[in-house]
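A.B. asks: A predicted structure for the sequence below; I have some questions about it.
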Amino acid sequence: MKRKALKAAFPYTIPIFTGFWFLGMAYGIYMNASGFSFVYPMLMSLLIFGGSLEFVAVEMLLSPFAPVQVIIMALLIQARHLFYGLSMLDRFKGTGWKKFYLVFGMCDESFSINYTAEIPEDIDSGWFMFFVTLLNHLYWVFGATLGGLVGSLLSFDTSGISFVMTAMFVVIFLEQWLKEKNHFSSLAGLLVATLCLLLFGADSFMIPTMVSIIILLTLLRKKIEKAEN
């Protein structure tokens with residue numbers, strides 16, 4: 001059962017593997033360039049497992065100690081996972097002890113796969129989601145650790161390397177766009193994000209954007225599903 005679930009899950013994670021290796025290495029190199037040993041990106045990727053937050057955490061570690069600001073910033077950056085979690089409540093039912101790891105390891109990419117994948121009937125869905133999450137987690141940890149190790153060997157200027165995070169999300173969006181039959185959800189996301197950016201500013205638009213998108217898609221859910229079918 002476990003082996004079949006692993007074999008079924010692995011192909012879904014191959015695109016994530018290439019992205020996480022490159023992005024994880026960029027993160028490890030970035031941390032090395034900021035003065036940290038490979039142990040920091042290794043442990044942070046293992047325990048935090050939040051790409052955006054880990055990049056921002058580099059600046060937090062270099063700044064004066066401010067625990068309250070760090071907690072608020074972490075909540076704001078990772079708040080989208082609250083909405084992911086609500087979407088996965090039914091899917092995580094009956095997964096037993098695996099549920100705790102599924103909750104901890106639910107990154108954007110794992111959520112996307114576990115929410116949309118058509119799992120074969122002879123495959124245990126709990127183990128399938130577990131292996132998707134575990135593989136993606138391992139890809140990120142390995143990439144970040146490797147980047148931290150080889151970072152000291154690089155002699156070129158690493159300024160701007162954190163931009164790979166933005167580039168990766170652009171690619172994910174484009175891949176999703178190509179898979180969609182109806183682009184209403186993507187266009188709605190772009191429009192709502194742009195309006196919230198203009199209204200709330202770059203530092204505060206994420207939460208209003210997520211809330212607005214959830215409300216909009218919930219209200220128009222039936223129309224969207226009808227258009228997709």
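C.D. replies: Happy to help now that I have it.
A.B. asks: what stretches of this structure score poorly on pLDDT?
C.D. replies: Within the chain, the stretches with pLDDT under 70 are 154-169, 172, 227-229.
A.B. asks: Apply 90 and report the result again.
C.D. replies: 1-5, 12, 15-16, 18-37, 49-96, 107-125, 150-190, 192-193, 196-197, 200-229 (pLDDT under 90).
A.B. asks: what residue is smack in the middle of the protein?
C.D. replies: Closest residue to the average C-alpha location of the chain: residue 108 at 2.9 Å, with Cα atoms, centre = their mean.
A.B. asks: Now do the phi/psi pair for it.
C.D. replies: phi -60, psi -50 (degrees, to the nearest 10).
A.B. asks: What's the separation between it and residue 173?
C.D. replies: Separation of residue 108 from residue 173 (Cβ to Cβ, to the nearest Å) stands at 11 Å. Where C-beta positions appear, they are placed from N, C-alpha and C, glycine not excepted.
A.B. asks: And residue 22, by the same measure?
C.D. replies: Taken as Cβ to Cβ, the span from residue 22 to residue 173 is 17 Å.
A.B. asks: list the contacts for residue 5?
C.D. replies: Counting by Cβ atoms under 8 Å, 6 or more residues apart in numbering, residue 5 touches 123-124, 127-128, 130-131.
A.B. asks: Try it again at 6 Å.
C.D. replies: By Cβ atoms under 6 Å, 6 or more residues apart in numbering, the residues touching residue 5 are 123-124, 127-128, 131.
A.B. asks: Just give me the longest helix of the chain.
C.D. replies: helix 2-33 (DSSP state H).
A.B. asks: Just give me how far whichever helix or strand comes after that one sits from the chain centre.
C.D. replies: Later in the chain than helix 2-33, the nearest helix or strand by DSSP states H and E is helix 39-47. Relative to its chain's centre, helix 39-47 lies at 16 Å (Cα atoms, centre = their mean, to the nearest Å).
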